[in-house]
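Participant: got a predicted model here, sequence first, then my questions.
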Amino acid sequence: MGKQKKLTIEITGMTCDSCAKRIEKAIGTTKGVREAMVNFATKKATVTSSTPVEDIYKVIEGLGYGVVNEKSPAISEEGIAKLEWKRFLIAAILSVPVFIISMFMIHFKFSDFLQFFLTTIVIAWPGISFFRNAFKQLKHWSIGMDSLIALGVGAAYGYSAIALLRGGDLYFESASIIITLILLGRFFETKAKGKAGEAIRKLMDLQPRMARVIRDGTEKEVSIIDVQVGEKLVIRPGEKIPVDGIATGGETAVDESMLTGESMPVNKVEGDKVFGGTINTTGLIYMTAEKIGSNTVLAQIARLVEDAQGSKAPVQRLADKVSGIFVQIVISIAFLTLGAWILMGYPFSIALISAVTVLIIACPCALGLATPTAVMVGTGRAAGAGILIKDASSLELAHRIDTLILDKTGTITEGRPAVTDLFKRANGRKPTAETDEEKTRYLEKDILQIMGSCEQHSEHPLGKAIVHYTEKQGINLKEVRDFKTITGMGVRAIYNGSSILIGSERLMIENNIDISDLRKKATEIESKGKTIAFLAADNNVEAVIGIGDVIRKTSKNAIQKIKDMGIEIVMLTGDNEIIAGAVGKEMGIGSVKANLKPADKCSEIKKIQESGKIVGMIGDGINDAPALATSDVSFAIGTATEIAMEAANITLVKGDISKAWEALKLSKQTMNIIKQNLFWAFGYNALAIPIAAVGLLNPMIAAGAMAFSSVSVVTNSLRLRKFKLKIED
């Protein structure tokens, strides 16, 4: 057996969910196919198989459907909608005279034959696709929605044609108007489904078609597909960045809202990562291409959203089972209706029209569209907000989460050390300033300059944190002499003729430096779970600094919002109890467990699950991979620089817990929409078919109701596009 591959095949000719079920079953029973899913809403099959794709094409085409490939290119949603509209207009122009003649009982010479002639054209031209598809389905011993329509229209038309010759009631207007209204419904359905699938098109439209590259010292404009990894590119203000890469020159602000969902531009300088599809707003920059084509973040996001839209939510299973046998049930009810009316002594024409109405009013399309359209719109809406959902199952299950596990480092906190505290010795070196205010300002600036200058050559994360802090304060760093790293304790250097030590308490003690003046402050900082470092100049301690992992500004509000949803928050971290306790207290998290290894986190999650809870886990998608895999729904905190798409069910691009709240909120709303859709789809058929069977519906009214039942389901799903997600501060 060959290697299993995941294939996505676009299918043409599907008219209802019964078609999708039929194709799915046929592909699924093909040798070498491990899994097959056919989505009626997206018109695509997702197949995991070792079978050559050409063999799967043959299976689909053998059922009477088509596939999109190089030989048969796809028609755009806009093109399909235009074709549906054209068919409707032709049918409407021909059907209106038939309707007027019949409903107003206008009689003139050859009026009956005019109805026959116009209806025949409606069936043979705009309506022929229903009969052609029905014939293909019957040829392969299968029946679908087109079979119902063809059977109903054909019965009304055939009976009327016989009655025209032998005398009797004519129902040509029913046959022609049924086709007209169904064509109108399909036009609106196509337009609505096109809006539901806008997310993918909008994502791909974000990538520019052209790029400016520097080749042989000359700037050239080339197609995006000709850009090579390692090439230098120029991006001017207002232009879209064509590929992923590293900024190598210039300074600007980049609108990354397509990735993160955040409207505020992000400052970019030399060394920063930039991403294809984002917009350079203010300054000219140079960059080196690192990822192109399908490897860019934008392409990965589009692929992820497409996969999610093609997947099935568990809630869809009931609708799948019903729609799989729906047509057979409806045809059986139609024949029973026909027989019952005849047995009750009614004329055949009356019995026939009731049976035709049953065939026309039934609509498996609404059942087939109820879940996938909501999933399409929901996942697309999420992607636009910087939330990447891997599959429909995760989107559905997320609304049931009652316990949410949070990692600390990189999830609640920024995940990198930063200077948080700075205290000077009260009787520090005296400057020449006149006032205490100026003296304090001068001393702090002096200390910052000493720290930053000495640590600028350090590779230690704490040293880098000090340098970053001083640079943010606008301090100009100076060169130092005799720089030396003292492993595990700190650094030593000569600054402006003074001997400087920066490091731990142990470093101070080993160098006989008295730190008693700052011991109280140091203890206070340490009690908050932070690391301390002393600064000593010429054997005199001058300052103590606190360095810790800074809590994200949005974490506290987001955690409270999640708790307000009735979800219990638990923090599991590998950090020590002091740090974990301090963060937990500040965040209002009651359940905190520290000093945990990855395996310990998995054990804790399993314990919670054993109590019957549905557990969500938010982590960085890499270090927390085992815990993420153990949870029921996993959220990977990432940034646009490193999206852990394969590590979790849901990726939060911006790296912010508030995005988890948005994902949970969207999941709940999507499930509400799906339940509404299923209620309408099941309720419509459960109510409409009996009414039609007892003769209380006109076939034309039935056709209109059937046509617009699908439209109503899709339109309801489209409400998710406008669903508000942002947390209000």
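Facilitator: Great, that's in hand. Numbering: from 1, shown residues only.
Participant: run the chain-centre distance for stretch 293-301.
Facilitator: Its chain's C-alpha centre and that of stretch 293-301 lie 14 Å apart, by Cα atoms, centre = their mean, to the nearest Å.
Participant: what comes up buried for it?
Facilitator: For stretch 293-301, the neighbour count (16 or more other Cβ atoms under 10 Å) marks Thr296, Val297, Leu298, Ala299, Gln300, Ile301 as buried. Using the backbone N, CA and C atoms, a C-beta is placed for each residue, glycine as well.
Participant: measure the first one to Val227 for me?
Facilitator: Between Thr296 and Val227 the computed distance is 10 Å (Cβ to Cβ, to the nearest Å).
Participant: do the fifth one as well
Facilitator: Applying Cβ to Cβ, one obtains 17 Å for the distance of Gln300 from Val227.
Participant: out of the buried residues of stretch 293-301, which sit inside helices?
Facilitator: Secondary structure from DSSP state H places Val297, Leu298, Ala299, Gln300, Ile301 of the buried residues of stretch 293-301 in helices.
Participant: quick revisit: could I get the buried residues of stretch 293-301 as TSV with distance to Leu352?
Facilitator: Output for the buried residues of stretch 293-301, formatted as TSV (distance: Cβ to Cβ, whole Å):
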residue	distance to Leu352
Thr296	60
Val297	60
Leu298	57
Ala299	56
Gln300	57
Ile301	54
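Participant: could you dump the residues you listed to TSV with distance to Ile494 and pLDDT?
Facilitator: Output for those, formatted as TSV (distance: Cβ to Cβ, whole Å; pLDDT from 0 to 100):
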residue	distance to Ile494	pLDDT
Thr296	48	86
Val297	46	81
Leu298	50	81
Ala299	52	81
Gln300	50	77
Ile301	51	74
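Participant: nearest to Val67 among those residues?
Facilitator: Closest approach to Val67 among the buried residues of stretch 293-301 (Cβ to Cβ): Ala299, at 23.2 Å.
Participant: hmm, the closest one is touching Glu306, no?
Facilitator: No - the pair Ala299 / Glu306 is not scored as a contact, 10.5 Å apart, by Cβ atoms under 8 Å.
Participant: Lys191 and Val327, how far apart?
Facilitator: Distance from Lys191 to Val327, by Cβ to Cβ: 25 Å.
Participant: between those two, point out the one with more neighbours.
Facilitator: It is Val327, of Lys191 and Val327, that has more neighbours when counted by other Cβ atoms under 10 Å, with 25 against 17.
Participant: quickly find the element holding the more buried one.
Facilitator: Using DSSP states H and E, Val327 sits within helix 316-343.
Participant: after that helix, which helix or strand is next?
Facilitator: Helix 316-343 is succeeded, C-terminally, by helix 348-361 (DSSP H and E).
Participant: beta-bridge partners for Arg215, please?
Facilitator: Note on Arg215: beta-bridge partners by DSSP bridges are Thr218.
Participant: now the helix or strand Ala26 falls within against helix 316-343, angle please.
Facilitator: Per DSSP H and E, Ala26 falls inside helix 17-28. Calculated by axes from the mean of the first three to the mean of the last three Cα atoms, to 10 degrees, helix 17-28 forms an angle of 120 degrees with helix 316-343.
Participant: which of the residues in helix 17-28 are buried?
Facilitator: Quick answer for helix 17-28 (16+ other Cβ under 10 Å): Asp17, Ser18, Cys19, Ala20, Lys21, Arg22, Ile23, Glu24, Ala26, Ile27, Gly28.
Participant: looking at the chain, which helix is longest?
Facilitator: Identified as the longest helix of the chain according to DSSP H is helix 657-693.
Participant: can you give the distance from that one to the centre of its chain?
Facilitator: 19 Å.
Participant: give me the average confidence score over the helix holding Val327.
Facilitator: In this model, helix 316-343 has an average pLDDT of 85.
Participant: check stretch 463-472 too.
Facilitator: Stretch 463-472 comes out at a mean pLDDT of 90.
Participant: got it, and stretch 269-288?
Facilitator: According to the model, stretch 269-288 has a mean pLDDT of 90.
Participant: please apply the same query to stretch 182-198.
Facilitator: 76.
Participant: what do you get for stretch 151-171?
Facilitator: The predicted confidence, averaged over stretch 151-171, sits at 87.
Participant: what does stretch 452-459 give?
Facilitator: pLDDT averaged over stretch 452-459 gives 90.
Participant: show me which positions of that stretch end up buried.
Facilitator: Those would be Gly452, Ser453, Cys454, Glu455, Gln456, Ser458, for stretch 452-459 by 16+ other Cβ under 10 Å.
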